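Trainee: Prediction below, plus the sequence it came from.
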Amino acid sequence: MNFNSVIEYAPLLARGVCMTVVLWLGAIAISCVVGTLFGIIRCRNIRTNYVAPLLDVVTWILRGIPFYVQLLIVYFVLPNLLGINLSPALAGIVSLGLCSAGYVSQMIRGSINAIADDQWEAAWVLGLSRAQSVRYVIVPQALRTIIPMLCGEFDMVLKSTSVISTLGVLELTGAGRNILAIDMQVVPVYCTVALLYLFFSSLLNIVFECIGRRLRYDVR
Amino acid sequence: MMCGKNLSIIYQKKLILNRVSFDIADNQITVFIGKSGAGKSTILRILAGLEPSYEGILFYDGHDVKTLTHKDRVALIGYVTQNYTLFAQLTVLQNCSLALEKVMKLSTVQAESTAIEMLKKVGMDSYRDAYPCALSGGQKQRVAIARALCLDPKIIILDEPTSALDPENVNNIVVLLKQLAAQGIAVVLSSQDMAFVKMIFDRIYFVDNGMIIESVDRQQITMIDDVSAIKIFLTP
């Protein structure tokens, strides 16, 4: 096994890593904002008659269609339907972020619904508004169960960035394939690409483990 | 003085409270007793504002309580649930100061100082930095009372306050609630612990099947006849 080609094309791989991180962080940002908003609005104690059912349908669509198909729709169908032209990378970020938001929304809704009703009532009898109850009482408690699930979801988002290479985006997997096209060293190139994904995945798990530990008020 | 007139409530087409009327006097401990499912907790929940869909009128000093704003209502009535419902992610001090800061808009220093004062009142100021999971049932109970007292309510409501307490903690709660009543706070509670009720009540309402079927003051308790539902219920 010869890793010379990997070393020789390290700058290309580094560019791929950078693009993967950009896609990943962009998608996570959209996923967090949209997923949190949808999750809170759809939870049992806040649901309204009109907005929540609409968001239920949106979430159902986002979760029901494979990410790859959503990517193709955002990149190829939106320009035809709405005249919105996105670059391949931006289309990847938007579609991956929205796809993940569907799952994040379910996680947040489930975790908030799991908080006992008497916590809402205790907040209410203390005079807190719904928004204050969510901010100061419900979400901090729900975070304990949301954090491990979010870790798994963001891990999936990281790995799903590789699908965006099908639009020609030179992220990590795409960079690996380009190196392979020049120098046919299959094993070292794919092993390096796999190890880099493993590194970022492990980093994510360590970060979330630390966050999870900080939230464990029962052992402080 | 608070009084409820003909309060009724229906859950899922079932009449849970049927035209219930009662008076709650300042400086007094008013106790609702009765079997499980009789409607005691529902009365307390209506008082606390947790059951807004009731029929009838709830007055405080001649004003319909429904006309009060949320903030005015919580300043009038404090509520302690059966299982205390402290916020697990907050320390004892934060549990007590949260509403003062976020609802009453006090500064953190002022809110914490008031909270510490209330914690001292219930003998829990040394636990200010503890999390609820580190407290016993009796300690949680006292913190929950301190949290309710922080908003300086005229009425404090406790649902089954002794249900998870040992005899020593029951005695502590009796002393504390009598002190609160002596300070002018109207104490309202529900209980099935008759030994506790006998020690504490100024007025008892007997609730059965969604109706108040009997009421008696402490001064009258020796005068009621032996077939009285309250007397039978209070007799071990």
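Mentor: Great, that's in hand. All of these numbers come straight from a predicted model, not from anything done at the bench.

Trainee: make it CA atoms for all contacts and neighbour counts henceforth
Mentor: OK.

Trainee: Pull the contacting residues for residue 7.
Mentor: I'll assume chain A. Residues in contact with A:I7, defined by Cα atoms under 8 Å, 6 or more residues apart in numbering or on different chains, are absent; none qualify.

Trainee: Wait, chain B was what I had in mind.
Mentor: Under the contact definition (Cα under 8 Å, 6+ apart), the residues listed for B:L7 are B:17-21, B:54-58.

Trainee: again, but for A:L86
Mentor: A:L86 makes contacts with A:75, A:79, as judged by Cα under 8 Å, 6+ apart.

Trainee: Give me the pLDDT for it.
Mentor: The pLDDT attached to A:L86 in the predicted structure is 90.

Trainee: In three-state terms, how would it be classified?
Mentor: Classification of A:L86 using DSSP: H, G, I helix; E, B strand; the rest coil returns coil.

Trainee: do you know how far it is from chain B?
Mentor: 43 Å (Cα to the nearest Cα, to the nearest Å).

Trainee: Turn the contacts of B:L7 into CSV, columns for secondary structure and distance to chain A.
Mentor: Listed next are these as CSV, based on DSSP: H, G, I helix; E, B strand; the rest coil; distance: Cα to the nearest Cα, whole Å:
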residue, secondary structure, distance to chain A
B:L17, strand, 21
B:N18, strand, 24
B:R19, strand, 24
B:V20, strand, 23
B:S21, strand, 23
B:Y54, coil, 17
B:E55, strand, 20
B:G56, strand, 21
B:I57, strand, 20
B:L58, strand, 17
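
Trainee: ok, and the most crowded of those residues?
Mentor: Of all the contacts of B:L7, B:L17 has the most neighbours under the rule other Cα atoms under 10 Å in any protein chain shown, reaching 25 neighbours.

Trainee: thought that residue was touching B:G39?
Mentor: Yes. In terms of Cα atoms under 8 Å, B:L17 counts as a neighbour of B:G39; the distance is 6.3 Å.

Trainee: which parts of stretch B:200-214 are buried?
Mentor: If you call a residue buried by 16 or more other Cα atoms under 10 Å in any protein chain shown, then stretch B:200-214 has these buried ones: B:200-212.

Trainee: Now the common contact residues for B:L17 and B:G39.
Mentor: Overlap of the contact sets of B:L17 and B:G39 (by Cα under 8 Å, 6+ apart) consists of B:209-211.

Trainee: is chain B contacted by stretch A:131-142?
Mentor: Yes. Contact between stretch A:131-142 and chain B is present through A:132, A:137, A:140-141 (criterion: Cα under 8 Å from any Cα of the partner chain).

Trainee: So which of these are in helices?
Mentor: Counting by DSSP state H, these place A:132, A:140-141 in helices.

Trainee: what mean pLDDT does stretch B:81-97 have?
Mentor: Throughout stretch B:81-97, pLDDT has a mean value of 92.

Trainee: Just the C-alphas of that stretch, formatted as PDB.
Mentor: As requested, C-alpha coordinates have been extracted for stretch B:81-97 and formatted as PDB (Å, rounded to 0.1, in the frame of the first residue of the first chain):
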ATOM      1  CA  THR B  81     -48.500  20.500  43.800                       C
ATOM      2  CA  GLN B  82     -48.600  17.100  45.300                       C
ATOM      3  CA  ASN B  83     -45.200  16.100  43.900                       C
ATOM      4  CA  TYR B  84     -43.700  19.600  44.400                       C
ATOM      5  CA  THR B  85     -42.600  20.000  40.700                       C
ATOM      6  CA  LEU B  86     -39.400  21.700  41.400                       C
ATOM      7  CA  PHE B  87     -37.400  22.400  38.200                       C
ATOM      8  CA  ALA B  88     -34.700  19.800  38.200                       C
ATOM      9  CA  GLN B  89     -32.200  21.700  36.100                       C
ATOM     10  CA  LEU B  90     -32.200  24.700  38.500                       C
ATOM     11  CA  THR B  91     -30.700  24.900  42.000                       C
ATOM     12  CA  VAL B  92     -32.900  25.500  45.000                       C
ATOM     13  CA  LEU B  93     -32.100  29.200  44.900                       C
ATOM     14  CA  GLN B  94     -32.700  29.400  41.100                       C
ATOM     15  CA  ASN B  95     -36.000  27.600  41.600                       C
ATOM     16  CA  CYS B  96     -37.100  30.300  44.000                       C
ATOM     17  CA  SER B  97     -35.700  33.400  42.200                       C
END
